[in-house]
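> Pasted the sequence and its predicted model underneath.
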Number of protein chains: 2
Amino acid sequence: MKNVTVALDGNGGDRDALSGIARAVRFAMTLYPDMRLIAFGARQLEEDLARAQVLGPRCEYRFAPLQIPQDEPPRNVLCGYSQSSMRKAIQCVKDGEAQAVISAGGTGPLVVLSRHILGTIGRMRPALCAKIPSGSGRFSLMLDLGANSRCAPSDLCDFARLGTAAGRLILGVSEPSCAILNIGSELGKGNELVQKARVLISARKKLHCNGFIEANQLFSGDSDIIVTDGFTGNIALKAAEGVVKVFFRERGIKRYFAKLACPEWLMPWQYNGSLLLGVRGNVVKSHASAKQEALAVAIVEAAKAVKAGLCDAMLEDPLLND
Amino acid sequence: MKNVTVALDGNGGDRDALSGIARAVRFAMTLYPDMRLIAFGARQLEEDLARAQVLGPRCEYRFAPLQIPQDEPPRNVLCGYSQSSMRKAIQCVKDGEAQAVISAGGTGPLVVLSRHILGTIGRMRPALCAKIPSGSGRFSLMLDLGANSRCAPSDLCDFARLGTAAGRLILGVSEPSCAILNIGSELGKGNELVQKARVLISARKKLHCNGFIEANQLFSGDSDIIVTDGFTGNIALKAAEGVVKVFFRERGIKRYFAKLACPEWLMPWQYNGSLLLGVRGNVVKSHASAKQEALAVAIVEAAKAVKAGLCDAMLEDPLLND
């Protein structure tokens, strides 16, 4: 097995999350023994990593004191922040030192910098893609989850292509089926965006269009790939998370029952780490509020993407080179 | 206590749901002893009602054989279907025979016919509004849930007005707070629609704008009123339902634990019956797939809306008469 090197943006995420990064790194290195990490961050991170006893041949620290505010305008992101951990971590992938980058920083800056530094596949707009659990050991891929809050029908079609190409590898399905998230499954339902997207996706012979899917079927596994604009996708997934949180918000015996009741494959902390598909490199976005276990899961997702050769496979997929 | 009369569209909903209508009527009449029902439907409904032993002074059957397909174009809905149970039930409210109508039929036809027959409040576009549980005995109101799949910023502002006026009565809060569903809570987040809507809603002194809310906070109760376009709202709520269904999809002991774990106030079957706000009459929409208990809950919601004087209060609310 070849070694995998992951670059970590150590300034991303909420303040609470930052304090748990070193422990997340330790946890991830245990989960995935073939992984090397390069952690970019402020001096505090170096101290934390030293205290967690992870610094050494498998984990290197590099100084990068700046954090990019998540609502920083793209122009500022592109022109400045040369000392930011996010920029340095992405550059590290571009330079070939690492094969993937993981960040819990703002989606906006992460997308802008990834596009700029790594470049895109074709002219597609990159999209955030999550593994949606749909049964024990089964998944669907859903995209976009917030990289693009305004989308044209052609973007949704591109998302279908990206998702299908990624799905072959991640889901192990040679011809993944693909559905569009909508408010009804009938042909005439929904807005212009989904109507036109359906026409475009159906017209492509290499895509296997399943038509529309409603949000209450997201976890049913009826479709391998689910495409939607970033605004809707983000809200659908967060609404689902919100409900699971309600179950686990209860205290005492109810909380215990929730753990017993929750299908193992739905356990919320298992899911973190969305892939930014459509850029020329493996980029993984972690929740800004991810606790240490969740961040560790996302780091491992990044390593797995490298191991599977995700980005290389996508660059060679004829579907994305039409 | 004055009697309440509810007109029931007995041809709405899925085929499975139709067979349970008579039992739902019986259940609703038990739950709400002061209610009279006028049930419109095909002959089969009359037989079912007779078999359920509910026909009598409190429940009257009227012949209306037609069902309006849920994707029927508005023009056809408006020009035809004089023998449809939906049209007859709404007309029954217009004629003053009933004070509310309940239907599990298509959202499109229901909105079109309600606007046409009952008229709208001001020039507002009617919106579907649901009670979102946010704790034991606590609720928020969320709208729109699918009456309008394309919205302008001014529509979202109207939804905030409608929700606020309804919230005074339903939530018992004199000055309900109001938030806009978005993909982030920061000022610059989201698309043009929510950005412009925020400006409009903030500018109205009679509304108490809380800014943006993320979908994972929907059930937190942080805001009394949550406004969104009908496409996003529909998807957010269905995604949440989808997850709860997953919990209850498990079999055997896990399903039992799910019942124990689920906070009582979140029990999914308790929630059915969205109010169509903005029309001059009490109109309640039930899930097309609602089982008998859920349909009974929606019928009772309609009766409660009448008892609370919801529509009259909204017609007189100065907020809606600016």
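Alright, I've got the coordinates.

> Report the mean per-residue pLDDT for stretch A:139-154.
On average, the pLDDT along stretch A:139-154 is 93.

> and the end-to-end length of that stretch?
Terminal residues of stretch A:139-154 lie 25 Å apart, using CA to CA, to the nearest Å.

> Now do that stretch: distance to the chain's middle.
Put simply, stretch A:139-154 sits 12 Å off its chain's centre (CA atoms, centre = their mean, to the nearest Å).

> try stretch A:161-174
15 Å.

> Same question for stretch A:23-42.
The answer for stretch A:23-42 is 18 Å, by CA atoms, centre = their mean.

> now do stretch A:83-96
For stretch A:83-96, the distance to the chain centre is 18 Å (CA atoms, centre = their mean).

> quick one: pLDDT of the residue of the stretch 51-200 of chain A found nearest chain B?
Per CB to the nearest CB, residue A:183 is where the stretch 51-200 of chain A lies closest to chain B, at 4.2 Å. Any C-beta I mention is one placed from the backbone N, CA and C, and that applies to glycine too. pLDDT for residue A:183: 93.

> center of chain A - which residue?
residue A:274 (1.1 Å; CA atoms, centre = their mean).

> tell me which residues form a beta bridge with that one?
residue A:285 (DSSP bridges).

> got the contact list for it?
Residues in contact with residue A:274 (CB atoms under 8 Å, 6 or more residues apart in numbering or on different chains) are A:128-130, A:145, A:284-285.

> Quick check: the farthest pair among those?
Largest separation among the contacts of residue A:274 by CB to CB: A:145 and A:284, giving 12.5 Å.

> Looking at the contacts of residue A:274, state which has the most neighbours.
residue A:285 (31 neighbours; other CB atoms under 10 Å in any protein chain shown).

> Name the helix or strand for residue A:86, please.
helix A:85-94 (DSSP states H and E).

> chain center to the longest helix along chain A: distance?
The helix spanning the most residues in chain A, taking DSSP state H as the definition, is helix A:230-249. A distance of 16 Å separates the centroid of the chain from that of helix A:230-249, by CA atoms, centre = their mean.

> Then stretch A:11-20?
Averaging C-alpha positions (CA atoms, centre = their mean) puts stretch A:11-20 18 Å from its chain's average.

> mean confidence for it?
Rounded mean pLDDT across stretch A:11-20 is 77.

> which parts of that stretch are buried?
Across stretch A:11-20, burial judged by 16 or more other CB atoms under 10 Å in any protein chain shown covers A:11-13, A:17-18, A:20.

> Span of that stretch from start to end?
End to end - CA to CA - stretch A:11-20 spans 11 Å.

> at contact distance from chain B, anything in that stretch?
No. Residues of stretch A:11-20 contacting chain B under CB under 8 Å from any CB of the partner chain: none, with a closest distance of 12.6 Å.

> ok, back up a step: packing partners of the helix holding residue A:86?
Under the contact criterion of 3 or more CB pairs under 8 Å, 6 or more residues apart in numbering or on different chains; DSSP states H and E, helix A:85-94 touches strand A:4-9, strand A:35-41, strand A:100-103, helix A:107-118, strand A:282-285.

> who touches it?
With CB under 8 Å, 6+ apart as the test, helix A:85-94 has contacts from A:7-12, A:38, A:40-42, A:62, A:64-68, A:81, A:98-103, A:105, A:109-110, A:113-114, A:117-118, A:281-283.

> let's see 6 Å
A:7, A:9-11, A:38, A:40-41, A:64, A:68, A:81, A:98, A:101, A:103, A:105, A:113-114, A:117-118, A:281 (CB atoms under 6 Å, 6 or more residues apart in numbering or on different chains).

> That helix to strand A:4-9, inter-axis angle?
Counting by axes from the mean of the first three to the mean of the last three CA atoms, to 10 degrees, helix A:85-94 points 160 degrees away from the direction of strand A:4-9.

> In chain A, what residue spans correspond to helices?
Listed in chain order, the helices found in chain A under DSSP H are A:15-18, A:21-31, A:43-51, A:74-79, A:85-94, A:107-118, A:153-170, A:192-203, A:230-249, A:252-261, A:292-308, A:310-316.

> Send me the shortest one as PDB with only the CA atoms.
Meaning helix A:15-18. What follows is helix A:15-18, C-alpha atoms only, in PDB (Å, rounded to 0.1, in the frame of the first residue of the first chain):
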ATOM      1  CA  ARG A  15     -13.500  28.200  17.800                       C
ATOM      2  CA  ASP A  16     -14.800  25.100  19.700                       C
ATOM      3  CA  ALA A  17     -13.800  22.900  16.800                       C
ATOM      4  CA  LEU A  18     -10.200  24.300  16.600                       C
END
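
> For that helix, enumerate the helices and strands it packs against.
The helices and strands touching helix A:15-18, judged by 3 or more CB pairs under 6 Å, 6 or more residues apart in numbering or on different chains; DSSP states H and E, number zero.

> just the longest one next, same as before
Taking 3+ CB pairs under 6 Å, 6+ apart as contact, the helices and strands that helix A:230-249 lies on are helix B:230-249.

> For the stretch 101-250 of chain A, what lies in contact range of chain B?
Residues of the stretch 101-250 of chain A lying close to chain B (CB under 6 Å from any CB of the partner chain) are A:146, A:149-150, A:183, A:186, A:188, A:190-191, A:214-216, A:218-219, A:231-232, A:234-236, A:238-244, A:246-247, A:250.
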